[in-house]
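# what would the 3D arrangement of this be:
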Amino acid sequence: MNYHVRKLESAGFLKPAGRARKGNMIEQKYVATARAYVLSPGLLGPIGADWRDISDTASADYLLALAEQVRSDVGRSAVEAQAEGKRIATLSLKSQFRFDSAGQRSDFSNAVRQAVVDVIARHTSANRLENGRPGRGRAFRLVLACYPMAAQVEEVER
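Coordinates of the predicted model:
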């Protein structure tokens, strides 16, 4: 354990926060250097979730794996852009709403899916050419997720 704590301290994740005597031992206390940390999905290597391996695209597992892909993609792009002294162009959309029925939710899903497909077709270049090579311009990925909020989250966000 001491080895790992020292590594976290040398990497700047922890800083010493005093000592306390506990019997014949001296306890070194540490505090985190940030309120939160975002860990790279790549840390899990081959055992990490991969959306391509999950056939049920309506499952929570698929959405969580997809979210990790987004985090990984954006993290790599941000590092690359920062190294070049640039910023990455992103689009974020967040909305909260309610459905009265499964039918209403299904109709909404179908309408959003069709609207997104139409907008992509009207405003973008082909992702792949007929010969299978990448199309012109820079590639972007769009992820749109809709999921039920946990009751605790709903209470906090009111």
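# list the contacts for the residue nearest to residue 18 when sequence neighbours are not counted?
In space, and not counting its chain neighbours, residue 18 is closest to residue 29: 5.0 Å by CB to CB, 6 or more residues apart in numbering. Every C-beta, even on glycine, is put in place using the N, C-alpha and C of the backbone. Contacts were defined as CB atoms under 8 Å, 6 or more residues apart in numbering; by that measure residue 29 touches 16-20.
# repeat that for 10 Å
14, 16-20 (CB atoms under 10 Å, 6 or more residues apart in numbering).
# next one: residue 90
74, 77-78, 140.
# now those in TSV, with distance to residue 43, pLDDT and secondary structure?
Output for the contacts of residue 90, formatted as TSV (distance: CB to CB, whole Å; pLDDT from 0 to 100; DSSP: H, G, I helix; E, B strand; the rest coil):
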residue	distance to residue 43	pLDDT	secondary structure
74	16	88	helix
77	18	90	helix
78	17	89	helix
140	25	91	coil
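# any idea whether residue 17 is helix, strand or coil?
Here residue 17 is strand, with the state taken from DSSP: H, G, I helix; E, B strand; the rest coil.
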